[in-house]
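*Asks:* just coords:
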Ligand SMILES: C[S@@+](CC[C@H](N)C(=O)[O-])C[C@H]1O[C@@H](n2cnc3c(N)ncnc32)[C@H](O)[C@@H]1O
C-alpha cells in the first residue's frame with residue numbers, strides 16, 4: 001500500500017487489521033462484455049451481507065495538480081504496480097499520462113478523520129485491487145463502508161444479489177437526473193451509461209428523475225435522522241409521504257436508502273404504539289443492517305422481540321394525543337440520551 005505523505009497525519013497510532021471477508025467467497029472477477037471486467041456474485045448474497053473487504057493499492061489527495069500523481073509511480077512496489085497497470089484507463093493520452101489516467105478512472109473517495117486540532121475531514125482517493133473492478137449502475141444495490149482504523153473498505157449487499165448477477169457500485173450521485181449522470185460518467189469515466197435506469201424511453205427517464213428528486217429532498221432534510229419519527233408520528237400526511245419515499249426507493253432500485261427510510265418508519269410506528277406495523281419495518285431494518293451495522297441491528301432486534309418493554313418511548317405520541325397535547329418538547333435528560341428523540345413536536 002502506497003500512501004501520499006499527507007495521509008500520515010490522518011492515520012491512527014495503530015492500524016487495526018482489516019476485518020475478515022466472508023467465510024466462503026461471494027464473488028469472482030469475470031468478463032463483463034463491453035464494460036471490461038466486473039464483479040459477479042458466485043452465490044446468492046442476502047441483503048445486508050458482506051461481499052468483500054479490500055485495502056487500497058494507493059491513496060492520494062482527491063484534488064491534486066496535473067502530473068502530481070506521477071511522482072508516486074517510481075515508489076510503487078512492483079507487485080502493486082502490476083495490479084495497478086492491470087486496471088482500466090478511461091483517459092486519453094492528450095488528457096494525462098497512463099498512471100494518472102488509471103488513478104482518475106479507478107479512485108474511490110475515502111474520508112479520513114482530520115488530524116487533532118483541524119476541524120475538517122479530508123477527502124482522498126483510493127485505488128483498490130478488487131473494488132476498482134466493480135462497474136457502475138445507477139441503482140444502489142450495494143454500500144461501501146470505509147474504515148479509516150484498518151484503512152480498508154467493505155462492500156455490503158443492500159438487497160439479495162442473485163448467483164451470477166453483476167455486482168455494481170455507483171461512481172456518482174445517483175439521485176441526479178439521467179442527463180447529468182450520463183454527462184458525468186462520459187466525462188470522467190468515458191462511457192455512455194446504459195444501465196436499466198438510464199436505457200429507457202425519455203418519458204420513463206423523466207418520471208425516474210422526478211422520483212429521484214423527491215428522494216433527494218427527503219435525504220437532504222436537515223436532521224433527517226433525528227426529526228422525522230416525531231413529526232411522522234404526529235402527522236398522517238408525513239407518514240404517507242415516508243411510505244411513498246420507501247416505495248420510490250424500491251421502484252428506482254435505490255436499495256441503500258431503504259434502511260434509512262425503514263428506520264424512520266419503524267420509529268414512527270413505535271411512537272404511535274402500532275406494534276404490528278412497527279414489527280414489519282423494524283424487521284426490515286434488522287435484515288438490512290445485519291452485516292453493515294450490527295449495533296443498530298442488535299438494538300432493533302431487541303425492540304422487535306419485546307417492543308412494549310424495551311422501547312423506552314413506546315406509544316409516547318399516542319398517549320400525548322389522548323391527552324390532547326398539540327405542541328410538545330420531549331424531555332432531554334441523561335437518561336434520555338438518544339439523539340433521535342431530542343426534538344420538538346408540533347401539530348394536532
Ligand atoms: C473502475 S473501472 C471498472 C472496472 C473495469 N470494467 C475493468 O475492466 O477494470 C471503470 C471503467 O469500467 C467501465 N465501466 C464501468 N461501468 C460501466 C458501465 N455501466 N457501462 C459501461 N462501461 C462501464 C468504463 O470503461 C469505466 O471507465
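*Replies:* Structure received. Model, not experiment: these values are computed from the prediction.
*Asks:* only C-alpha atoms from now on, for both contacts and neighbour counts.
*Replies:* Noted.
*Asks:* who's in contact with the residue of the stretch 201-348 of the chain found nearest the ligand?
*Replies:* Nearest residue of the stretch 201-348 of the chain to the ligand, counting by Cα to the nearest ligand atom: residue 253, 14.8 Å away. For residue 253, the contacting residues are 139, 140, 141, by Cα atoms under 8 Å, 6 or more residues apart in numbering.
*Asks:* one more time with 6 Å, if that's ok
*Replies:* residue 139 (Cα atoms under 6 Å, 6 or more residues apart in numbering).
*Asks:* kindly report the same for residue 271.
*Replies:* 314, 315, 316, 317.
*Asks:* circling back: where does the residue of the stretch 201-348 of the chain closest to the ligand land on pLDDT?
*Replies:* Residue 253 carries a pLDDT score of 96 in this model.
*Asks:* and it, how far is that from residue 246?
*Replies:* 11 Å (Cα to Cα, to the nearest Å).
*Asks:* pull up the residues of the stretch 101-250 of the chain that are close to the ligand.
*Replies:* 105-106, 132-137, 189-191, 193, 195 (Cα under 6 Å from any ligand atom).
*Asks:* hmm, 5 Å instead?
*Replies:* Proximity of the stretch 101-250 of the chain to the ligand (Cα under 5 Å from any ligand atom) is limited to residues 106, 132, 133, 135, 136, 189.
*Asks:* now, among those, which is nearest to residue 206?
*Replies:* Nearest to residue 206, judged by Cα to Cα, of these is residue 136 at 20.7 Å.
*Asks:* mind listing what that closest one touches?
*Replies:* Listed by Cα under 6 Å, 6+ apart, the contact set of residue 136 reads 168, 169, 170, 171.
*Asks:* so the first one makes contact with residue 133?
*Replies:* No. Applying Cα atoms under 6 Å, one finds residue 168 not in contact with residue 133, separated by 9.2 Å.
*Asks:* check which helix or strand residue 111 maps to.
*Replies:* Per DSSP states H and E: residue 111 is located in strand 108-112.
*Asks:* could you list the paired strands of that strand along with their orientation?
*Replies:* In the sheet, strand 108-112 lines up against strand 122-127 (antiparallel) (DSSP bridges).
*Asks:* ok and the following helix or strand past the partner strand relative to strand 108-112, angle-wise?
*Replies:* Counting by DSSP H and E, the next helix or strand C-terminal to strand 122-127 is strand 142-147. Orientation note: strand 142-147 sits at an angle of 40 degrees relative to strand 108-112 (axes from the mean of the first three to the mean of the last three Cα atoms, to 10 degrees).
*Asks:* strand partners (parallel or antiparallel) of the next helix or strand after strand 142-147?
*Replies:* The helix or strand immediately downstream of strand 142-147 is strand 152-157, counting by DSSP H and E. Sheet pairing for strand 152-157, assigned by DSSP bridges, gives strand 50-54 (antiparallel), strand 142-147 (antiparallel).
*Asks:* okay, buried residues for stretch 242-254 please.
*Replies:* 242, 245, 246, 248, 249, 250, 252, 253, 254 (16 or more other Cα atoms under 10 Å).
*Asks:* report the distance from it to the chain centre.
*Replies:* Computed by Cα atoms, centre = their mean, to the nearest Å, the chain-centroid distance of stretch 242-254 equals 15 Å.
*Asks:* any regions of the chain where pLDDT drops low?
*Replies:* Scanning the chain for pLDDT under 70 picks out 115-122, 221-239, 323-348.
*Asks:* list of residues touching the single longest helix found in it?
*Replies:* For the chain, the helix reaching the highest residue count under DSSP state H is reported as helix 202-219. The contact list for helix 202-219 (Cα under 6 Å, 6+ apart) reads 175, 177.
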